[in-house]
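Visitor: below is the structure, and that's it, no one-letter string:
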């Protein structure tokens, strides 16, 4: 064997050894790829996120949303993208505070102000910027807040109808 070929072979083998190349493809997603979760994992993510948030007085922490149904698709075949549980928790939490504001708006200023402040605090949640589109979803929430601060409930009412699950209250 030629001396150059021996050195090249040794270098290639050494590089493979040092780089940890095993010849097997990794099943773990890279940090840039979304990871899918099963129902139990999504529920765990949801529970962890929702229990870190303050609920309106007398309101229990809700369960994770039900699995969407599609004809011919078994629930066990449904997966969720990493972060879906946390995003759903933030939506449910915000819906509960929006509902609370609507309930007290014009009736009890102190409770209404507290509820609106909690509704507004979605803007401070890291998940809001991480999971909710900056061009479509975030401006709607900001507009709803601006309207509510002026006493106009139309934005939060529309949000309740379009984004909130009916089983929350």
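Guide: Received the coordinates, thanks. As the structure is a prediction and not an experimental result, all values here were calculated from the model. Numbering: from 1, shown residues only.
Visitor: okay, now residue 143: neighbour count?
Guide: Other residues within reach of residue 143, judged by other Cβ atoms under 10 Å, total 13. Where C-beta positions appear, they are placed from N, C-alpha and C, glycine not excepted.
Visitor: that one - nearest residue in space that isn't next to it in sequence?
Guide: The shortest distance from residue 143 to any non-neighbouring residue, by Cβ to Cβ, 6 or more residues apart in numbering, is to residue 155 (5.8 Å).
Visitor: host element of the one you found?
Guide: Per DSSP states H and E: residue 155 is located in helix 154-163.
Visitor: grab the nearest non-local neighbour of the residue most central in space within the chain.
Guide: Centroid-nearest residue in the chain: residue 87, 1.6 Å away (criterion: Cα atoms, centre = their mean). In this structure, residue 87 finds its nearest non-sequential neighbour in residue 131, 4.1 Å apart by Cβ to Cβ, 6+ apart.
Visitor: do you know how far the one you found is from residue 160?
Guide: Taking Cβ to Cβ, to the nearest Å as the measure, residue 131 falls 20 Å from residue 160.
Visitor: ok, residue 60 next?
Guide: 19 Å.
Visitor: where in this protein is pLDDT low?
Guide: In the predicted model, the chain carries pLDDT under 70 at residues 1-34.
Visitor: where along it do the strands fall?
Guide: For the chain, applying DSSP state E gives strands covering 36-37, 80-81.
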